[in-house]
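Peer 1: only geometry, no sequence info:
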C-alpha cells in the first residue's frame, strides 16, 4: 500500500524551528519529485518547497526562501523540511505529496494529483 506519513509539527514560538519529516512506504522515492505544501484556514493551498530526488534540485516559495530547507534521505525513504526563523504566518497544516517526473517548479505549482499524506499541524505563536 502506497503511503506518505508526515510528522514533526507542533507549537513553537515565533523565531523558533521545527523539522518536518515525510516517510514513504510501499514505494521508493527514487525518480519522484516530492513537495511540501501548506494550507491555513481560509487560505489557498501553497507550494512551500519541492525537491526532485534524482538530482536534488529544489524549489522554494518566496515566502520561505532563506528560512526553510528541503532535503531527502533516499536510504530512509524520507524527505525533510527544516523550518527556521518561523513566523506566525507560517501557521498551517503542512502536507507532503509525490509525483513522478516533474521539475520542482512544476510540482510546487500544482495542488492535485499524485499521492498525499494526511498532514501535520504547525502553529507558530507570537
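Peer 2: Perfect, thanks for sending it. Just so you know, these numbers come straight off a predicted model, no measurement behind them. Residues are numbered from 1 along each chain as shown.
Peer 1: against residue 126, how distant is the most centrally placed residue in the chain?
Peer 2: Nearest to the geometric centre of the chain sits residue 36, at 2.0 Å (C-alpha atoms, centre = their mean). According to C-beta to C-beta, to the nearest Å, residue 36 stands 23 Å off from residue 126. Backbone N, C-alpha and C define where each C-beta goes, glycine included.
Peer 1: excluding chain neighbours, what is closest to residue 8?
Peer 2: residue 20 (4.1 Å; C-beta to C-beta, 6 or more residues apart in numbering).
Peer 1: would you say that neighbour is within a helix?
Peer 2: No - assessed with DSSP: H, G, I helix; E, B strand; the rest coil, residue 20 is strand; it does not lie in a helix.
Peer 1: count the neighbours of it for me.
Peer 2: Using other C-beta atoms under 10 Å, residue 20 has 24 neighbouring residues.
Peer 1: residue 94 is in contact with residue 122, correct?
Peer 2: Yes - using C-beta atoms under 8 Å, residue 122 is in contact with residue 94, at 5.5 Å.
Peer 1: between the two, what contacts are shared?
Peer 2: 9, 20, 38 (C-beta atoms under 8 Å, 6 or more residues apart in numbering).
Peer 1: contacting residues for the residue lying closest to the first one once chain neighbours are set aside?
Peer 2: Counting by C-beta to C-beta, 6+ apart, residue 9 lies nearest to residue 120, which is 3.4 Å off, once chain neighbours are set aside. With contacts defined as C-beta under 8 Å, 6+ apart, the neighbours of residue 120 are 6-9, 20, 93-94.
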